[in-house]
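*Asks:* sequence below, structure please.
(4 chains)
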There are 2 protein chains.
Amino acid sequence: MGKKTTIYDIAKKLNITAATVSRALNDNPRVSQATKELVVKTAAEMNYEQNRLALALKSGKSMNVGVIVPYINRNFFSTIIRGIEEELYPMGYHVIICQTHDEAKREKETVQNLLNAQVDGILMSLATDSEGEEHFKQVLKKNVPLIFFDRKKNVVGASSVCIDDFLGGFEATQHLIEQGCKRIAHLALNRSLDVYKNRFEGYRKALKKNGLEFNEQYIIELESDFEAGKEAAEKLMKLDPPPDAIFSATDHGALGAIKYIKSKGVKIPDQVCVVGFSNEPFTQFMEQSISSVDQSPLEMGKKAARVFLEQLEQKGKEKIVKEVVLTPKLEIRQSSLRNI
Amino acid sequence: MGKKTTIYDIAKKLNITAATVSRALNDNPRVSQATKELVVKTAAEMNYEQNRLALALKSGKSMNVGVIVPYINRNFFSTIIRGIEEELYPMGYHVIICQTHDEAKREKETVQNLLNAQVDGILMSLATDSEGEEHFKQVLKKNVPLIFFDRKKNVVGASSVCIDDFLGGFEATQHLIEQGCKRIAHLALNRSLDVYKNRFEGYRKALKKNGLEFNEQYIIELESDFEAGKEAAEKLMKLDPPPDAIFSATDHGALGAIKYIKSKGVKIPDQVCVVGFSNEPFTQFMEQSISSVDQSPLEMGKKAARVFLEQLEQKGKEKIVKEVVLTPKLEIRQSSLRNI
DNA sequence: TTGTAAGCGTTATCAC
DNA sequence: GTGATAACGCTTACAA
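*Replies:* Numbering: from 1, shown residues only, chains lettered A, B, ... in the order given. Predicted coordinates for the structure are as follows:
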């Protein structure tokens, strides 16, 4: 009934041995055409299906990879996961997903769990407060490829796929300057993460290059959500003089800021230009669309998967670490485009 | 180096047998406190980690569940997955995700793959063109719990977690009628899927109940995307008389319709009221927010996971099939709220 | 309290 | 071309 048929069942039925059945099913050349056909036919009749678990135990390859992200339902991450899945599915791999809830503790735990589950690789994005690298070292010591995407950490032996956040921050700011903005504020996120730090540094670089003064008051560090963006904008607009542009390290921050600013009757982009980061779908849906830096998450996921596959091939040989850097693309929309 | 330590390694080191090590690690009462401590300590020193694969093969439980959706990066689905993961993580289960790309062929293939991988359960949402139920029967025959969420199929033995789409469609339409709308159009999706069929039926029921005429011309069947919504609105607005309200079975359809209608200078909600379905995040972000029917995907995912867990407990006993129906919640926003 | 041995479902290495 | 057997790492009767 609920019993699953094994190669032994087939063997017994045909009065041959399990080894032969296995060979026949794997199209081994050293088995006669006749038995091969017979076995295949019988297997089908008996509804036989290979037990990947047994195969995994035997071969040492589970054909599973673990993917760890802060939250699965953030469009950026789910799109990366989609990319990973689409690249790995044809190769017979399954994708196990885990969330850290952006907590270091969960991150460690999850890495451990995945190792126990014998995944063939781990692709992940750091938790904001990620600390230590002992758990990453564990992964590498077990010879399991470790690939960071987006939020990476420099761990010897680990690979990474990111965009050039510095460039993204630079171009966004440069664009604002070209619109005539002189007092550009920045909504930053936790700068212990490279991605956010780099966006910030790119912003600074653009200011410097254009001879604009860096004003500490114009920097607000916030959480990634909508409400935080509103509050930040409130603080900023009370300054004298208030900024005439905002470059937000996240789209949700930009959205919150825009909502607040508009509610005060201040015109966008005429009085304040705004650029976000991530190119979340909603940025283009808005009646007044929001400029944003695209991170090509689908490509990022696919690339990360490809790096994983490459690492596998080098198993045994000298491990080659890859550091892929994708190019961000600034999408200029209504929130920052002045008629000049 | 890359070698993983097994209980045999520990046993050898301590001059005891693997069985004892296993018992010690599992806190079996029939092993002396002394050895227990020694084993645990040594295991830690040797960086031992349990191989879940071996355990899985032995026990017949992989501690993995498979989740199948059309696309992972659709907010509705990724949020369901989040719910599933959060409910199952504490129980030690891992979630394997697969996409069908909304294709029947991939659906069958994927179900098969997951069975081979020996998942302990399958939670899924149908592909639009899903056909046959042989693959679902296979799952049940293997005694693997099968739980549909959202897009379900009535298969004997399978459970389901859905919202009451009929009610959702009914309430959305009723609301439009209460706003004074008389000629209500409906953007439908492929009605071979229950969810869309039910939304449509709910719409019809509301018309009927209020004595409004059902007009075939006001029904447009489309794909789920933005562009399709635009085209549909274009067709509708050319009718004489054009509709004074649109109930769309998807938010993207509603968005496209709104964009088109506004581009023609027609006022929303004054001349045309619009209600969508799914309560996608962007519906509330819009400057003119969009009314929509919430499906509580997080809750749906969690509930599906709980149904799975319940099914496990009943293993062996008579299988109890659950059909959970969640209540939709109409979020009334600016796109359909008139000042009356 | 601990050891022995079988078994989960495969595949690989020998033989014959 | 096919069969026997060991092995992957773990748990669990059954013995001792």
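
*Asks:* quick one: stretch A:326-340 near chain B?
*Replies:* No. Using C-beta under 8 Å from any C-beta of the partner chain, stretch A:326-340 stays clear of chain B, with a minimum separation of 11.3 Å. In short, each C-beta sits where N, CA and C put it, glycine included.

*Asks:* only C-alpha atoms, please: export that stretch in CSV.
*Replies:* Extracted in CSV, the C-alpha atoms of stretch A:326-340 (Å, rounded to 0.1, in the frame of the first residue of the first chain):
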residue,chain,number,x,y,z
LEU,A,326,27.6,43.1,-11.1
THR,A,327,26.9,46.6,-12.4
PRO,A,328,24.0,48.5,-10.9
LYS,A,329,21.7,50.4,-13.2
LEU,A,330,20.2,53.7,-12.2
GLU,A,331,16.5,53.9,-13.3
ILE,A,332,15.7,57.5,-13.5
ARG,A,333,12.0,58.2,-13.0
GLN,A,334,9.7,61.0,-12.0
SER,A,335,10.8,61.5,-8.4
SER,A,336,14.1,62.9,-9.4
LEU,A,337,13.8,64.1,-13.0
ARG,A,338,13.5,67.8,-13.3
ASN,A,339,12.7,69.6,-16.5
ILE,A,340,15.9,71.4,-17.1
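
*Asks:* what residues does it touch?
*Replies:* Stretch A:326-340 is contacted by residues A:161-165, A:167-168, A:171-172, A:175-176, A:179-180, A:245, A:254, A:258, A:268-270, A:273-276, A:279, A:283-284, A:288-296, A:299-300, A:303 when judged by C-beta atoms under 8 Å, 6 or more residues apart in numbering or on different chains.

*Asks:* by contact count, what packs against whichever strand or helix holds A:Ala233?
*Replies:* Taking DSSP states H and E as the criterion, A:Ala233 maps to helix A:226-238. On a contact count with 3 or more C-beta pairs under 8 Å, 6 or more residues apart in numbering or on different chains; DSSP states H and E, helix A:226-238 meets strand A:184-188, strand A:219-221, strand A:245-248, helix A:251-263.

*Asks:* may I see those arranged in JSON lines, with mean neighbour count as well?
*Replies:* Rendered in JSON lines, the data for those read as follows (neighbours: other C-beta atoms under 10 Å in any protein chain shown):
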{"stretch": "strand A:184-188", "mean neighbour count": "27"}
{"stretch": "strand A:219-221", "mean neighbour count": "17"}
{"stretch": "strand A:245-248", "mean neighbour count": "31"}
{"stretch": "helix A:251-263", "mean neighbour count": "23"}
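
*Asks:* for A:Glu87, which of those is the nearest?
*Replies:* The minimum distance between A:Glu87 and those falls on helix A:251-263, with 25.5 Å, by C-beta to C-beta.

*Asks:* ok, that closest one near chain B or not?
*Replies:* Yes. Using C-beta under 8 Å from any C-beta, helix A:251-263 reaches chain B at A:Leu255, A:Lys262.

*Asks:* other SSEs contacting that helix?
*Replies:* Counting contacts by 3+ C-beta pairs under 8 Å, 6+ apart, helix A:251-263 is packed against strand A:184-188, helix A:226-238, strand A:245-248, strand A:273-278, helix A:282-285.

*Asks:* tell me the most buried of these?
*Replies:* strand A:245-248 (a mean of 31; mean count of other C-beta atoms under 10 Å in any protein chain shown).

*Asks:* contacts only, for A:Gln225.
*Replies:* Gln isn't right for residue A:225; it's Asp. With contact set as C-beta under 8 Å, 6+ apart, A:Asp225 has these partners: A:His252, A:Gly253, A:Gly256.

*Asks:* residue contacts, the nearest residue to the second one once chain neighbours are set aside?
*Replies:* This points to A:Gly253. Counting by C-beta to C-beta, 6 or more residues apart in numbering or on different chains, A:Gly229 is the residue found nearest to A:Gly253 once chain neighbours are left out, at 3.9 Å. Residues near A:Gly229 by C-beta under 8 Å, 6+ apart: A:187, A:222, A:248, A:250, A:252-260.

*Asks:* dump those residues to a markdown table, plus distance to DNA strand D.
*Replies:* A markdown table is the format used below for the contacts of A:Gly229 (distance: C-beta to the nearest atom of the strand, whole Å):
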| residue | distance to DNA strand D |
| --- | --- |
| A:Leu187 | 48 |
| A:Leu222 | 45 |
| A:Ser248 | 48 |
| A:Thr250 | 43 |
| A:His252 | 44 |
| A:Gly253 | 46 |
| A:Ala254 | 49 |
| A:Leu255 | 49 |
| A:Gly256 | 49 |
| A:Ala257 | 52 |
| A:Ile258 | 54 |
| A:Lys259 | 54 |
| A:Tyr260 | 56 |
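
*Asks:* next, format those as a markdown table and append pLDDT.
*Replies:* Formatted as a markdown table, the contacts of A:Gly229 follow (pLDDT from 0 to 100):
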| residue | pLDDT |
| --- | --- |
| A:Leu187 | 97 |
| A:Leu222 | 90 |
| A:Ser248 | 98 |
| A:Thr250 | 96 |
| A:His252 | 95 |
| A:Gly253 | 96 |
| A:Ala254 | 97 |
| A:Leu255 | 96 |
| A:Gly256 | 96 |
| A:Ala257 | 97 |
| A:Ile258 | 97 |
| A:Lys259 | 95 |
| A:Tyr260 | 96 |
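
*Asks:* out of the residues you listed, who's nearest B:Gly83?
*Replies:* For the contacts of A:Gly229, the nearest to B:Gly83 is A:His252 (21.0 Å; C-beta to C-beta).

*Asks:* am I right that the closest one is in contact with A:Phe226?
*Replies:* Yes. Look at A:His252 against A:Phe226 with C-beta atoms under 8 Å: they come within range, at 4.9 Å.

*Asks:* mind checking which of the contacts of stretch A:326-340 land in strands?
*Replies:* A:Val161, A:Cys162, A:Ile163, A:Ala245, A:Cys273, A:Val274, A:Val275, A:Gly276, A:Ser291, A:Ser292, A:Val293, A:Asp294 (DSSP state E).

*Asks:* who's in contact with the fifth one?
*Replies:* Going by C-beta under 8 Å, 6+ apart, A:Cys273 touches A:Leu176, A:Gln179, A:Cys181, A:Asp244, A:Ala245, A:Ile246, A:Ser291, A:Ser335, A:Ser336, A:Arg338.

*Asks:* now the buried members of those residues.
*Replies:* A:Leu176, A:Gln179, A:Cys181, A:Asp244, A:Ala245, A:Ile246, A:Ser291, A:Ser335, A:Ser336 (16 or more other C-beta atoms under 10 Å in any protein chain shown).

*Asks:* now the third one. Nearest residue, chain neighbours left out?
*Replies:* It refers to A:Cys181. A:Ala245 (3.6 Å).

*Asks:* if we can go back for a sec, how about the helices and strands packed on helix A:226-238 in TSV, adding distance to B:Leu14?
*Replies:* Below are the helices and strands packed on helix A:226-238 laid out as TSV (distance: least, C-beta to C-beta, whole Å):
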stretch	distance to B:Leu14
strand A:184-188	53
strand A:219-221	52
strand A:245-248	58
helix A:251-263	55
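
*Asks:* now render these as CSV, adding distance to DNA strand C.
*Replies:* Formatted as CSV, those follow (distance: least, C-beta to the nearest atom of the strand, whole Å):
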stretch, distance to DNA strand C
strand A:184-188, 52
strand A:219-221, 53
strand A:245-248, 53
helix A:251-263, 48
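
*Asks:* who's in contact with A:Arg106?
*Replies:* A:Arg106 is in contact with A:Gln99, A:Thr100, A:Ala127, counting by C-beta under 8 Å, 6+ apart.

*Asks:* what's the helix or strand for it?
*Replies:* A:Arg106 belongs to helix A:104-116, assigned by DSSP H and E.
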